[in-house]
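J.: below are the sequence and a predicted model; questions follow.
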Amino acid sequence: MDFINHQLFIKDINVHIDPIFPKKTAIITHGHADHARFGHDHVIATRQTIEIMKIRYGDNCAKKFTSLKYGQKYSIKNYDFTLYPAGHILGSAQVLIEKDDHRLVITGDYKVGKDETCKNFKLVKCDTLITEATFGLPIFQHPNPKDEIQKLIQSVKINKNNCHIVGAYALGKAQRVMNLLRQQNYNETIYIHGSLEKLCQYYSKEKINIGKFEKVSSKDKNFYEGKIIIAPPSALKDRWSRRFPNPIICMASGWMTVKQRAKQQGIELPLVISDHSDWNELLDTIKKSKAKNILITHGQEDALVYYCKKQNLLSKPLSIQGRSDEEIE
Amino acid sequence: MKKFSSLLHNLILTPSRNTKIKLLQDYFKTLDTNRAYALAILSDQLSFQFIKASKLRELVYKQVDQHLFDFSYDYVGDLAETISLIWPTKKEGKQQNLSTLIENIKKIKKSDINKEFSTILSELSNNERWTLIKICTGGLRIGVSERLVKTALADLYNKSLNEIEEIWHGLEFPYKNLFQWLKNETSKPKIDFKKLFHPMMLANPIDEEKDFKKLNPSHFQAEYKWDGIRVQLMISSKSVSLYSRTGDNISSAFPEIIETTAGDAVIDGELLVGRKFKPSGFNDLQQRLNRKKASKDLQEKFPIFIRAYDILFYKGKDLRKFPLFERRKYLEKFQKENNNNQIDLSSIIKFKTWQELIKYKNNFHDDLNEGVMIKLKNSEYLPGRKRGYWYKWKKNPKLVDAILMYAQRGHGKRSSYYSDFTFGVWKENELVPIGKAYSGYTDKELLVLDKFIRNNTINKFGPVREVKKEIILEVAFDDVFPSTRHKSGVAMRFPRIHRIRWDKPVKEVLTINEFKKEFKLS
């Protein structure tokens, strides 16, 4: 495992995983902006991640693209790379790196729970596990997303004269919320903020069931009474949201576990729907991976490092540049 | 318990007052057995100190690793919420309603509390746990005031808020007589009015342009508006007690009043610090506030007295339906008979026209009064802020030009705008903040400021934005005091934005030393 440094850089062959600055060769785990950036020479990723990058940054966001299927091996010198489903968003992958006899897995962002909008997480056994820890505190125990989405549906039923604006990240969470609504037989048109349109179209094209959606337009104010609108979190507090009739501000995020956080952000209806593993899932993955060496990135590392050490596992935090804020998904 | 905890959950997350009232009403409408506890908890009437915060920590450490708890608490920042989230839920137990649960907890023997309370916590859902811990440790902090609860009940049962306020302080758990009366099953509860705090009559600010045209000066009497704290003094041959405006008993903090006052009356007045009935300013009074007890030393250094405005009861006689001018006669009689040396009467200003009153409002006594009160001579003593009876007319505020430094988003109806402004004056070549204001501007000015802030942010500190130092605000404020807590060494009283000074260059703003000199702080 000495072959990779704290920046997820393999010097030997000049390969980076999820680099934030333009590099020669970049393996990209998924399309979120804190992982997939513009301007690399060569991007290696799943087909869907590449297509998402092109939607967000344009067709020329890298000079060369190599798309890998899940489970398909790709070798650079004596390093073998394989992508496995991470269950985070459409196209998301974990990276298995095999060198000599050592197996190292970089989970990227992942969740263990079921999700119809992407391939579900696959556990990969390894010697070294580099895991995320976005929700690496025991207070985070995600409830069943179906129960959470029911809260939204019930609120829409009760508050007929209000519109519900749901804050959700434009890529992944927004479409997951739409899909969950469909699973619970909510069949009305869902209205979306303009910045979601292309990604929603892409999910539809990929045959993800997000149902009928339409971009919000400057219709009569009252038109949106009783409707569900999905918007990126940044739009909730903005003047954008003030055009709607009596909006009830909702947010779909794992952070909504903490009432005080929801209150601080002015969220009236928090929906604990996360695309990351919760505390128990993190522990379970660490255990089942059989890894003896655990490196922890992204988020609340302290508690997880402490826990691993108590289990006699080698463990330390990896602080990757440019990723410390919890605002990023 | 499920219902009550989801009520609290919704209340804490709802910013709108009307929605809160509706939530409360929906709850009280459907409920029978739990409503007494719910009312007691929501209006902070009963304290259920079954278990202390330190005890709760001890219990939670038995459930989860101490370090993991500490990491979590550090992140969440709220004990009740951290415990409720981290506590391992066993299978949810039998549903208990709020009152049964509380009754059961009350019955637990002290020696069994650790075990039994832990079992209870394990059988509740997250949200119910949070609720129970909040109830136990006191102080809900969910943005619901006693008054809001009363308003909700009044609207729900078509009673006037007044009627509820009148009897409120004489009610006792489990409020059986209250609920029966609300539902028109019985008549209004009989309360011994002499023994309880009576909500105070308050004044509305006068609208100089509209009101003075309508109001006939000969129908009104004027008094100075003193800058102390409003109090109600209850005097009988057996005891004397002093209440704050919110109905808190503050007798123990002002023993000299309690010990020396004689008579049989309920007096409304202003508590002030000063010698020989000459007030020495709010800053001195502050030395006596928020203390449970006052040492002899403090009593000598900051002696207090009460300037009486009104009288509610006199020798057992309820005067509240009497007109003000009649009550005044009783007040004078009371004063003559008892000759209390820590009470004097608020003097009445003679005036014929509103114009004439201006000079009293602005100049008299310099800083020691805040303006004048204008009271309808015929007014009954009505609780709350009724329109058309009492008015306050404040002095023109002090003004200073300061530079906008930081801004933060506001709350409520201003929630999407940058509407909380920190402003400062020069200290050598830097700016030093002197205050913060979130009112006073017009809607138009707010839009302009909001836009400026969005386009001119040079730095972000969490929710706070630092902006380019280009905008000068004329800030109005009631007073300014020396302060060791603030970097600038000054603390303003009620600062608000008066207008934006487009005409003035930033270089012409005062320095902190000039500011202090101008307002006599150095």
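T.: Cool, got the structure.
J.: how close does the spatially most distant residue from the centre of chain B get to chain A?
T.: In chain B, the residue that sits farthest from the middle, by Cα atoms, centre = their mean, is B:Lys91; the gap is 42.5 Å. Separation of B:Lys91 from chain A (Cβ to the nearest Cβ, to the nearest Å): 15 Å. Quick note: C-beta positions are derived from backbone N, CA and C, even for glycine.
J.: please name the nearest non-neighbouring residue to that residue.
T.: In space, and not counting its chain neighbours, B:Lys91 is closest to B:Glu123: 7.6 Å by Cβ to Cβ, 6 or more residues apart in numbering or on different chains.
J.: residues contacting A:Ser253?
T.: A:167-168, A:173, A:233, A:270-274, A:329 (Cβ atoms under 8 Å, 6 or more residues apart in numbering or on different chains).
J.: state whether the residue farthest from the centre of chain B is indeed within a helix.
T.: No - using DSSP: H, G, I helix; E, B strand; the rest coil, the assignment for B:Lys91 is coil, not a helix.
J.: between the contacts of A:Ser253, which sits nearest B:Ile250?
T.: Of all the contacts of A:Ser253, the one with the least separation from B:Ile250 (Cβ to Cβ) is A:Pro270, at 39.7 Å.
J.: can you tell me the strand partners of the helix or strand hosting the closest one and which way each runs?
T.: Here A:Pro270, judged by DSSP states H and E, is contained in strand A:269-271. Sheet pairing for strand A:269-271, assigned by DSSP bridges, gives strand A:247-252 (parallel).
J.: could I have the partner strand exported to CSV, CA atoms only?
T.: Only the C-alpha atoms of strand A:247-252 are listed here, as CSV (Å, rounded to 0.1, in the frame of the first residue of the first chain):
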residue,chain,number,x,y,z
PRO,A,247,-43.6,27.1,0.0
ILE,A,248,-42.8,24.5,2.6
ILE,A,249,-39.1,24.1,2.5
CYS,A,250,-37.9,20.5,2.5
MET,A,251,-34.4,19.0,2.2
ALA,A,252,-33.4,15.5,1.4
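J.: that strand: how far from the chain's middle?
T.: How far strand A:247-252 lies from its chain's middle: 20 Å, per Cα atoms, centre = their mean, to the nearest Å.
J.: how about the contacts made by B:Gly371?
T.: Per Cβ under 8 Å, 6+ apart, neighbours of B:Gly371: B:224-225, B:361, B:392-395.
J.: what's the answer for B:Thr511, then?
T.: B:425-428.
J.: ok, A:Glu214 next?
T.: Applying Cβ under 8 Å, 6+ apart, the residues near A:Glu214 are A:189-192.
J.: also A:Leu90?
T.: A:Leu90 touches A:31, A:48, A:52, A:117-118, A:172, A:175, A:203, A:206, A:208, counting by Cβ under 8 Å, 6+ apart.
J.: report pLDDT for the closest residue in space to it that isn't next to it in sequence.
T.: Among residues not flanking A:Leu90 along the chain, A:Cys118 sits closest, at 4.7 Å (Cβ to Cβ, 6+ apart). According to the per-residue confidence, A:Cys118 scores 97 in pLDDT.
J.: check A:Asn312 too.
T.: pLDDT recorded at A:Asn312 is 88.
J.: next, count neighbours for it.
T.: 8 (other Cβ atoms under 10 Å in any protein chain shown).
J.: rewinding a little: which two from the contacts of A:Ser253 end up farthest apart in space?
T.: A:Pro270 and A:Glu329 (15.9 Å).
J.: now do the strands in the stretch 101-250 of chain A.
T.: With DSSP state E, counting those that start in this stretch as the criterion, the stretch 101-250 of chain A has strands at A:102-106, A:128-133, A:163-167, A:190-192, A:213-215, A:228-231, A:247-252.
J.: secondary structure element for residue 5?
T.: Since you didn't name a chain, this refers to chain A. Judged by DSSP H and E, A:Asn5 forms part of no helix or strand.
J.: you answered for a different chain; I wanted chain B.
T.: In this assignment (DSSP H and E), B:Ser5 forms part of helix B:2-13.
J.: which residues touch the residue lying closest to B:Phe325 once chain neighbours are set aside?
T.: Nearest residue to B:Phe325, sequence neighbours excluded (Cβ to Cβ, 6+ apart): B:Lys377, at 4.6 Å. Applying Cβ under 8 Å, 6+ apart to B:Lys377 gives the contacts B:219-221, B:323-325.
J.: I'd say B:Ser347 and B:Tyr224 touch.
T.: Yes - look at B:Ser347 against B:Tyr224 with Cβ atoms under 8 Å: they come within range, at 7.4 Å.
J.: just the pLDDT for the residue nearest to B:Lys91.
T.: For B:Glu123, pLDDT reads 91.
J.: get me the contact residues on the stretch 51-200 of chain B for chain A.
T.: B:64-65, B:67-69, B:71-72, B:75-78, B:81-82, B:85-86, B:130 (Cβ under 8 Å from any Cβ of the partner chain).
J.: weed out the non-buried ones from these.
T.: B:64, B:68-69, B:71-72, B:75-76, B:78, B:81-82, B:85-86, B:130 (16 or more other Cβ atoms under 10 Å in any protein chain shown).
J.: how far away is the nearest residue to B:Pro323 once chain neighbours are set aside from B:Arg387?
T.: Closest residue to B:Pro323 apart from its sequence neighbours, by Cβ to Cβ, 6+ apart: B:Asn378 at 4.5 Å. Taking Cβ to Cβ, to the nearest Å as the measure, B:Asn378 falls 15 Å from B:Arg387.
J.: need the contact list for B:Lys516.
T.: Contact partners of B:Lys516, counting by Cβ under 8 Å, 6+ apart, are B:489-490, B:522.
J.: which element is A:Leu282 on?
T.: Per DSSP H and E, A:Leu282 falls inside helix A:279-289.
J.: mind saving the C-alpha coords of that helix as PDB?
T.: Provided in PDB are the C-alpha atoms of helix A:279-289 (Å, rounded to 0.1, in the frame of the first residue of the first chain):
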ATOM      1  CA  TRP A 279     -22.300   4.700  10.900                       C
ATOM      2  CA  ASN A 280     -23.400   1.000  11.100                       C
ATOM      3  CA  GLU A 281     -22.900   0.500   7.400                       C
ATOM      4  CA  LEU A 282     -19.400   2.000   7.600                       C
ATOM      5  CA  LEU A 283     -18.500  -0.400  10.400                       C
ATOM      6  CA  ASP A 284     -20.000  -3.300   8.700                       C
ATOM      7  CA  THR A 285     -18.200  -2.700   5.500                       C
ATOM      8  CA  ILE A 286     -14.900  -2.300   7.300                       C
ATOM      9  CA  LYS A 287     -15.500  -5.600   9.000                       C
ATOM     10  CA  LYS A 288     -16.600  -7.600   6.000                       C
ATOM     11  CA  SER A 289     -13.800  -6.300   3.800                       C
END
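J.: having no further points to raise, I will conclude here.
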